[in-house]
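1. Got a predicted structure plus its sequence, pasted below:
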Amino acid sequence: MELAVETRGLGKRYGRTWAVQDCTLELPAGRIAALVGPNGAGKTTLLHLLVGLLRPDAGEVRVFGRDPRAVLADVGFVAQDTPLYRDFTAAELVTMGGKLNRRWDAPLARDRLARLGIPPDKPVGKLSGGQRAQVALAMALAKRPRLLLLDEPIASLDPLARREFMQTLMGAVAESETTVLLSSHLLADLERACDHLVVLQQSRVQLTGGVDELLDTHRTLAGPRAGSGSIAGVAAVVRASHTERQSTLLVRRGEGPIDPLWTEHGVTLEDVVLAYLAEADARVPASAWEVPA
Ligand SMILES: Nc1ncnc2c1ncn2[C@@H]1O[C@H](COP(=O)(O)OP(=O)(O)OP(=O)(O)O)[C@@H](O)[C@H]1O
(Lines give C-alpha, C1' and ligand atoms only; values in the text may rest on other atoms or scores of the structure.)
Protein backbone atom coordinates (compact mmCIF):
# COMPACT_ATOMS: atom_id res chain seq x y z
CA MET A 1 0.00 0.00 0.00
CA GLU A 2 1.52 3.31 -1.08
CA LEU A 3 1.31 6.07 1.52
CA ALA A 4 0.64 9.60 0.29
CA VAL A 5 1.22 11.05 3.75
CA GLU A 6 3.05 9.61 6.72
CA THR A 7 3.82 11.43 9.96
CA ARG A 8 5.55 10.11 13.09
CA GLY A 9 5.42 12.05 16.35
CA LEU A 10 5.04 15.23 14.32
CA GLY A 11 4.96 18.46 16.29
CA LYS A 12 4.93 22.19 15.62
CA ARG A 13 4.83 24.87 18.26
CA TYR A 14 4.43 28.60 18.33
CA GLY A 15 6.42 29.87 21.30
CA ARG A 16 5.56 27.48 24.10
CA THR A 17 2.21 26.40 22.64
CA TRP A 18 2.07 23.23 20.57
CA ALA A 19 -0.24 23.75 17.57
CA VAL A 20 0.31 20.13 16.46
CA GLN A 21 1.62 17.57 18.91
CA ASP A 22 2.72 13.93 18.73
CA CYS A 23 0.85 13.48 15.47
CA THR A 24 1.24 10.02 13.97
CA LEU A 25 -0.90 9.16 10.97
CA GLU A 26 -0.88 7.40 7.63
CA LEU A 27 -2.93 8.39 4.62
CA PRO A 28 -2.97 5.71 1.90
CA ALA A 29 -2.69 6.98 -1.69
CA GLY A 30 -5.98 7.34 -3.56
CA ARG A 31 -8.08 8.25 -0.54
CA ILE A 32 -10.29 11.30 -0.03
CA ALA A 33 -9.66 12.18 3.58
CA ALA A 34 -11.51 14.58 5.85
CA LEU A 35 -9.48 16.54 8.38
CA VAL A 36 -11.85 17.70 11.09
CA GLY A 37 -11.61 19.34 14.48
CA PRO A 38 -12.77 22.46 16.27
CA ASN A 39 -11.34 25.95 15.70
CA GLY A 40 -7.71 26.07 16.77
CA ALA A 41 -7.26 22.25 16.77
CA GLY A 42 -4.22 22.47 14.48
CA LYS A 43 -5.69 21.61 11.06
CA THR A 44 -4.14 24.53 9.16
CA THR A 45 -0.81 23.97 10.90
CA LEU A 46 -0.83 20.28 9.90
CA LEU A 47 -1.62 21.15 6.26
CA HIS A 48 1.17 23.74 6.23
CA LEU A 49 3.60 21.11 7.55
CA LEU A 50 2.53 18.73 4.76
CA VAL A 51 3.10 21.31 2.05
CA GLY A 52 6.46 22.39 3.49
CA LEU A 53 5.33 25.92 4.41
CA LEU A 54 6.27 25.11 8.03
CA ARG A 55 9.11 22.96 9.33
CA PRO A 56 8.44 20.53 12.21
CA ASP A 57 9.75 21.18 15.73
CA ALA A 58 9.44 17.47 16.50
CA GLY A 59 9.01 14.21 14.65
CA GLU A 60 8.86 13.50 10.95
CA VAL A 61 6.65 14.18 7.96
CA ARG A 62 6.83 12.37 4.62
CA VAL A 63 4.82 12.96 1.45
CA PHE A 64 5.09 10.03 -0.97
CA GLY A 65 8.03 8.91 1.17
CA ARG A 66 9.98 12.16 0.78
CA ASP A 67 10.50 15.52 2.45
CA PRO A 68 7.48 17.71 1.52
CA ARG A 69 9.75 20.30 -0.12
CA ALA A 70 11.12 17.66 -2.48
CA VAL A 71 7.68 16.87 -3.92
CA LEU A 72 6.17 20.34 -4.35
CA ALA A 73 5.49 19.73 -8.05
CA ASP A 74 3.22 16.81 -7.07
CA VAL A 75 1.21 18.68 -4.46
CA GLY A 76 -1.68 21.09 -4.98
CA PHE A 77 -2.66 23.33 -2.07
CA VAL A 78 -5.66 25.60 -1.64
CA ALA A 79 -5.13 27.74 1.46
CA GLN A 80 -7.97 28.76 3.77
CA ASP A 81 -8.46 32.27 2.42
CA THR A 82 -7.94 31.16 -1.22
CA PRO A 83 -5.18 33.71 -1.80
CA LEU A 84 -5.04 34.53 -5.49
CA TYR A 85 -3.53 37.50 -7.29
CA ARG A 86 -6.64 39.62 -6.95
CA ASP A 87 -5.91 41.99 -9.87
CA PHE A 88 -5.54 39.09 -12.30
CA THR A 89 -8.50 37.66 -14.18
CA ALA A 90 -9.22 33.93 -14.06
CA ALA A 91 -8.03 33.63 -17.67
CA GLU A 92 -4.73 35.34 -16.80
CA LEU A 93 -4.26 33.03 -13.81
CA VAL A 94 -4.73 29.98 -16.05
CA THR A 95 -2.10 31.32 -18.46
CA MET A 96 0.28 32.10 -15.59
CA GLY A 97 -0.18 28.59 -14.15
CA GLY A 98 1.07 27.19 -17.44
CA LYS A 99 4.31 29.15 -17.11
CA LEU A 100 4.91 28.11 -13.49
CA ASN A 101 4.08 24.40 -13.60
CA ARG A 102 5.63 21.45 -15.37
CA ARG A 103 2.37 19.55 -15.88
CA TRP A 104 -0.40 22.04 -16.47
CA ASP A 105 -3.82 21.15 -17.81
CA ALA A 106 -5.09 24.54 -19.02
CA PRO A 107 -8.11 23.03 -20.86
CA LEU A 108 -9.21 21.37 -17.62
CA ALA A 109 -9.13 24.71 -15.77
CA ARG A 110 -10.87 26.61 -18.60
CA ASP A 111 -13.61 23.96 -19.04
CA ARG A 112 -14.28 23.85 -15.35
CA LEU A 113 -14.44 27.64 -14.97
CA ALA A 114 -16.66 27.97 -18.05
CA ARG A 115 -19.04 25.27 -16.73
CA LEU A 116 -19.32 27.15 -13.45
CA GLY A 117 -20.02 30.42 -15.23
CA ILE A 118 -16.95 32.17 -13.83
CA PRO A 119 -16.26 35.26 -16.00
CA PRO A 120 -12.79 34.91 -17.53
CA ASP A 121 -12.20 38.66 -17.84
CA LYS A 122 -13.08 39.94 -14.37
CA PRO A 123 -10.31 40.46 -11.75
CA VAL A 124 -10.67 37.64 -9.23
CA GLY A 125 -10.67 40.23 -6.44
CA LYS A 126 -14.09 41.29 -7.73
CA LEU A 127 -15.58 37.77 -7.72
CA SER A 128 -17.65 36.46 -4.81
CA GLY A 129 -15.90 34.45 -2.08
CA GLY A 130 -17.45 31.24 -3.42
CA GLN A 131 -16.40 32.00 -7.02
CA ARG A 132 -12.85 32.70 -5.84
CA ALA A 133 -12.82 29.32 -4.05
CA GLN A 134 -13.86 27.68 -7.33
CA VAL A 135 -11.06 29.48 -9.23
CA ALA A 136 -8.55 28.32 -6.60
CA LEU A 137 -9.77 24.71 -6.91
CA ALA A 138 -9.61 24.84 -10.72
CA MET A 139 -6.02 26.09 -10.50
CA ALA A 140 -5.07 23.37 -8.02
CA LEU A 141 -6.66 20.63 -10.20
CA ALA A 142 -4.97 21.94 -13.36
CA LYS A 143 -1.63 21.23 -11.71
CA ARG A 144 -2.65 17.55 -11.89
CA PRO A 145 -1.35 16.94 -8.38
CA ARG A 146 -0.83 13.49 -6.87
CA LEU A 147 -1.81 14.99 -3.51
CA LEU A 148 -4.35 17.77 -3.15
CA LEU A 149 -4.53 19.61 0.20
CA LEU A 150 -7.52 21.87 0.78
CA ASP A 151 -8.02 24.06 3.83
CA GLU A 152 -11.76 24.63 4.37
CA PRO A 153 -12.51 24.88 0.65
CA ILE A 154 -16.28 24.58 0.88
CA ALA A 155 -16.97 26.98 3.74
CA SER A 156 -17.89 29.84 1.40
CA LEU A 157 -19.88 27.78 -1.12
CA ASP A 158 -23.67 27.55 -1.35
CA PRO A 159 -25.19 24.05 -0.87
CA LEU A 160 -25.41 23.35 -4.61
CA ALA A 161 -21.85 24.53 -5.24
CA ARG A 162 -20.67 22.45 -2.26
CA ARG A 163 -22.17 19.32 -3.76
CA GLU A 164 -20.68 20.14 -7.18
CA PHE A 165 -17.29 20.81 -5.57
CA MET A 166 -17.29 17.49 -3.72
CA GLN A 167 -18.38 15.62 -6.85
CA THR A 168 -15.50 17.20 -8.78
CA LEU A 169 -13.11 16.02 -6.12
CA MET A 170 -14.46 12.48 -6.27
CA GLY A 171 -14.24 12.58 -10.06
CA ALA A 172 -10.63 13.82 -9.92
CA VAL A 173 -9.66 11.00 -7.57
CA ALA A 174 -11.37 8.35 -9.66
CA GLU A 175 -9.73 9.57 -12.90
CA SER A 176 -6.21 10.28 -11.74
CA GLU A 177 -5.77 8.56 -8.39
CA THR A 178 -5.24 11.91 -6.74
CA THR A 179 -5.14 11.70 -2.96
CA VAL A 180 -7.12 14.43 -1.23
CA LEU A 181 -6.94 15.75 2.31
CA LEU A 182 -9.46 18.47 3.04
CA SER A 183 -10.27 20.24 6.26
CA SER A 184 -13.84 21.25 6.93
CA HIS A 185 -16.43 21.76 9.64
CA LEU A 186 -19.25 20.55 7.39
CA LEU A 187 -19.46 16.93 8.47
CA ALA A 188 -22.56 16.00 6.48
CA ASP A 189 -20.86 17.02 3.20
CA LEU A 190 -17.74 15.09 4.13
CA GLU A 191 -19.63 11.91 4.95
CA ARG A 192 -20.88 11.68 1.36
CA ALA A 193 -17.48 12.12 -0.25
CA CYS A 194 -14.71 11.03 2.09
CA ASP A 195 -13.45 7.53 2.69
CA HIS A 196 -10.87 8.40 5.33
CA LEU A 197 -10.99 10.48 8.48
CA VAL A 198 -8.50 12.37 10.66
CA VAL A 199 -9.90 14.00 13.81
CA LEU A 200 -7.73 16.61 15.50
CA GLN A 201 -8.50 18.06 18.91
CA GLN A 202 -6.28 20.35 20.95
CA SER A 203 -3.30 19.73 18.66
CA ARG A 204 -3.52 15.93 18.90
CA VAL A 205 -4.94 13.19 16.68
CA GLN A 206 -8.03 11.80 18.43
CA LEU A 207 -9.03 9.32 15.77
CA THR A 208 -7.91 8.29 12.31
CA GLY A 209 -8.84 5.53 9.89
CA GLY A 210 -11.01 4.45 6.97
CA VAL A 211 -14.61 5.71 7.16
CA ASP A 212 -16.17 2.28 6.46
CA GLU A 213 -14.06 0.69 9.15
CA LEU A 214 -14.94 3.42 11.67
CA LEU A 215 -18.67 3.11 10.91
CA ASP A 216 -18.41 -0.66 11.20
CA THR A 217 -16.59 -0.65 14.53
CA HIS A 218 -18.80 1.91 16.32
CA ARG A 219 -22.36 1.54 17.57
CA THR A 220 -24.92 3.54 19.51
CA LEU A 221 -26.44 1.55 22.38
CA ALA A 222 -29.57 2.41 24.33
CA GLY A 223 -30.59 0.61 27.47
CA PRO A 224 -31.32 0.81 31.18
CA ARG A 225 -29.13 3.25 33.05
CA ALA A 226 -25.64 1.75 33.14
CA GLY A 227 -23.05 1.66 35.87
CA SER A 228 -19.40 1.76 34.94
CA GLY A 229 -19.04 -2.02 34.57
CA SER A 230 -17.92 -3.57 31.28
CA ILE A 231 -20.47 -4.56 28.62
CA ALA A 232 -20.12 -7.79 26.64
CA GLY A 233 -19.02 -7.08 23.06
CA VAL A 234 -17.87 -3.52 23.80
CA ALA A 235 -14.19 -2.57 23.70
CA ALA A 236 -14.65 1.03 24.88
CA VAL A 237 -17.37 3.51 25.70
CA VAL A 238 -16.46 6.68 23.82
CA ARG A 239 -19.33 8.84 25.02
CA ALA A 240 -22.15 8.26 27.49
CA SER A 241 -25.23 10.29 28.27
CA HIS A 242 -27.85 9.38 30.84
CA THR A 243 -31.38 10.19 31.86
CA GLU A 244 -32.74 8.94 35.19
CA ARG A 245 -33.62 5.54 33.75
CA GLN A 246 -31.83 5.22 30.45
CA SER A 247 -28.28 5.40 29.13
CA THR A 248 -27.25 6.15 25.57
CA LEU A 249 -23.71 5.16 24.70
CA LEU A 250 -21.50 5.53 21.66
CA VAL A 251 -19.16 2.56 21.83
CA ARG A 252 -16.31 0.92 19.97
CA ARG A 253 -17.20 -2.71 19.38
CA GLY A 254 -15.07 -5.50 20.75
CA GLU A 255 -15.08 -9.25 20.22
CA GLY A 256 -18.36 -11.16 20.06
CA PRO A 257 -21.99 -10.02 20.10
CA ILE A 258 -23.12 -7.05 22.16
CA ASP A 259 -25.06 -7.79 25.40
CA PRO A 260 -28.71 -8.19 24.24
CA LEU A 261 -29.83 -6.03 27.14
CA TRP A 262 -28.82 -3.11 24.91
CA THR A 263 -30.57 -1.94 21.76
CA GLU A 264 -27.98 -1.47 19.06
CA HIS A 265 -28.03 1.18 16.30
CA GLY A 266 -25.60 2.09 13.54
CA VAL A 267 -23.77 5.44 13.62
CA THR A 268 -23.11 8.26 11.17
CA LEU A 269 -19.70 9.82 10.68
CA GLU A 270 -21.02 12.89 12.48
CA ASP A 271 -22.00 10.76 15.53
CA VAL A 272 -18.49 9.31 15.73
CA VAL A 273 -16.66 12.62 15.25
CA LEU A 274 -18.80 14.47 17.79
CA ALA A 275 -18.45 11.67 20.35
CA TYR A 276 -14.65 11.69 20.13
CA LEU A 277 -14.50 15.49 20.24
CA ALA A 278 -16.84 15.64 23.24
CA GLU A 279 -14.86 12.96 25.02
CA ALA A 280 -11.60 14.84 24.50
CA ASP A 281 -13.25 18.10 25.47
CA ALA A 282 -14.30 16.64 28.80
CA ARG A 283 -10.61 16.38 29.64
CA VAL A 284 -10.02 20.14 29.41
CA PRO A 285 -9.48 21.22 33.01
CA ALA A 286 -11.79 23.96 34.23
CA SER A 287 -8.62 25.80 35.30
CA ALA A 288 -7.90 26.39 31.59
CA TRP A 289 -10.72 28.94 31.70
CA GLU A 290 -9.72 30.65 34.91
CA VAL A 291 -8.99 34.31 34.46
CA PRO A 292 -6.11 35.54 36.60
CA ALA A 293 -7.31 38.04 39.21
N1 LIG B 1 1.28 32.14 13.41
C2 LIG B 1 0.86 31.72 14.62
N3 LIG B 1 1.40 32.23 15.75
C4 LIG B 1 1.02 31.79 16.97
N5 LIG B 1 0.08 30.86 17.17
C6 LIG B 1 -0.50 30.31 16.09
C7 LIG B 1 -0.15 30.72 14.76
N8 LIG B 1 -0.91 30.00 13.88
C9 LIG B 1 -1.69 29.20 14.64
N10 LIG B 1 -1.45 29.38 15.95
C11 LIG B 1 -2.10 28.66 17.06
O12 LIG B 1 -1.96 27.27 16.81
C13 LIG B 1 -3.15 26.57 17.14
C14 LIG B 1 -3.66 25.80 15.91
O15 LIG B 1 -4.07 26.75 14.94
P16 LIG B 1 -4.58 26.30 13.49
O17 LIG B 1 -4.80 27.53 12.68
O18 LIG B 1 -3.66 25.27 12.95
O19 LIG B 1 -5.99 25.63 13.87
P20 LIG B 1 -7.20 25.19 12.92
O21 LIG B 1 -7.63 23.84 13.41
O22 LIG B 1 -6.84 25.31 11.50
O23 LIG B 1 -8.31 26.26 13.30
P24 LIG B 1 -9.56 26.85 12.42
O25 LIG B 1 -10.58 25.76 12.31
O26 LIG B 1 -10.05 27.97 13.30
O27 LIG B 1 -9.03 27.33 11.12
C28 LIG B 1 -4.12 27.60 17.66
O29 LIG B 1 -4.02 27.58 19.09
C30 LIG B 1 -3.60 28.91 17.11
O31 LIG B 1 -3.91 29.97 17.98
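-> Thanks, I have the structure now.

2. Please make it C-alpha for all contacts and neighbour counts, starting now.
-> Will do.

3. Hmm, Leu35 is touching Leu197, no?
-> Yes - contact status for Leu35 versus Leu197: in contact at 6.2 Å, counting by CA atoms under 8 Å.

4. other SSEs contacting the strand or helix carrying Met139?
-> Met139 belongs to helix 129-142 when assigned by DSSP states H and E. Judged by 3 or more CA pairs under 8 Å, 6 or more residues apart in numbering; DSSP states H and E, the packing partners of helix 129-142 are strand 75-78, helix 90-100, helix 106-115.

5. 10 Å instead, please
-> On a contact count with 3 or more CA pairs under 10 Å, 6 or more residues apart in numbering; DSSP states H and E, helix 129-142 meets strand 75-78, helix 90-100, helix 106-115, strand 147-151, helix 159-176.

6. With distance to Val267, mean pLDDT and mean neighbour count as added columns, please give those in JSON lines.
-> Converted to JSON lines, those look like this (distance: least, CA to CA, whole Å; pLDDT from 0 to 100; neighbours: other CA atoms under 10 Å):
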{"stretch": "strand 75-78", "distance to Val267": "31", "mean pLDDT": "91", "mean neighbour count": "24"}
{"stretch": "helix 90-100", "distance to Val267": "42", "mean pLDDT": "90", "mean neighbour count": "18"}
{"stretch": "helix 106-115", "distance to Val267": "36", "mean pLDDT": "90", "mean neighbour count": "17"}
{"stretch": "strand 147-151", "distance to Val267": "26", "mean pLDDT": "94", "mean neighbour count": "24"}
{"stretch": "helix 159-176", "distance to Val267": "22", "mean pLDDT": "79", "mean neighbour count": "15"}
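
7. Nearest to the ligand, out of those?
-> strand 147-151 (7.9 Å; CA to the nearest ligand atom).

8. Of all the helices and strands packed on helix 129-142, which one is nearest Cys23?
-> Proximity to Cys23, assessed across the helices and strands packed on helix 129-142 by CA to CA, is greatest for strand 147-151 (17.3 Å).

9. ok, the closest one near the ligand or not?
-> No - under the criterion of CA under 6 Å from any ligand atom, the ligand is not reached by strand 147-151; the shortest gap measures 7.9 Å.

10. what's the distance between that strand and the middle of its chain?
-> Chain-centre distance of strand 147-151: 9 Å, with CA atoms, centre = their mean, to the nearest Å.

11. that older thread, what touches both of Leu35 and Leu197?
-> Leu181, Leu182, Leu190, Thr208 (CA atoms under 10 Å, 6 or more residues apart in numbering).

12. where does the third one land on pLDDT?
-> When you say that, I think you mean Leu190. On the pLDDT scale, Leu190 is placed at 85.

13. Likewise for the last one?
-> Listed pLDDT for Thr208 reads 93.

14. what's the answer for the second one, then?
-> You'll see Leu182 listed with a pLDDT of 93.

15. quick one: it and Gly76 touch, right?
-> No - Leu182 lies out of contact with Gly76 (CA atoms under 10 Å); the separation is 11.5 Å.

16. Now do the shared contacts for these two.
-> With CA under 10 Å, 6+ apart, Leu182 and Gly76 have common neighbours Leu148, Leu149, Leu150.

17. quick one, what contacts the residue nearest to Leu27 when sequence neighbours are not counted?
-> Computed as CA to CA, 6 or more residues apart in numbering, the closest residue to Leu27 that is not its neighbour in sequence is Val5, at 5.0 Å. Contacts of Val5 were listed using CA under 10 Å, 6+ apart, and they are 25-29, 50, 61-66, 68, 147, 179, 181.

18. who does Val5 bridge with?
-> Per DSSP bridges, the residues bridged to Val5 are Leu27, Val63.

19. Next, see if the helix or strand hosting Val180 gets close to the ligand.
-> Assigned by DSSP H and E, Val180 belongs to strand 179-183. No - using CA under 6 Å from any ligand atom, strand 179-183 stays clear of the ligand, coming no nearer than 8.1 Å.

20. Please state the offset of that strand from the chain centre?
-> Between the centre of strand 179-183 and the centre of its chain there are 6 Å (CA atoms, centre = their mean).
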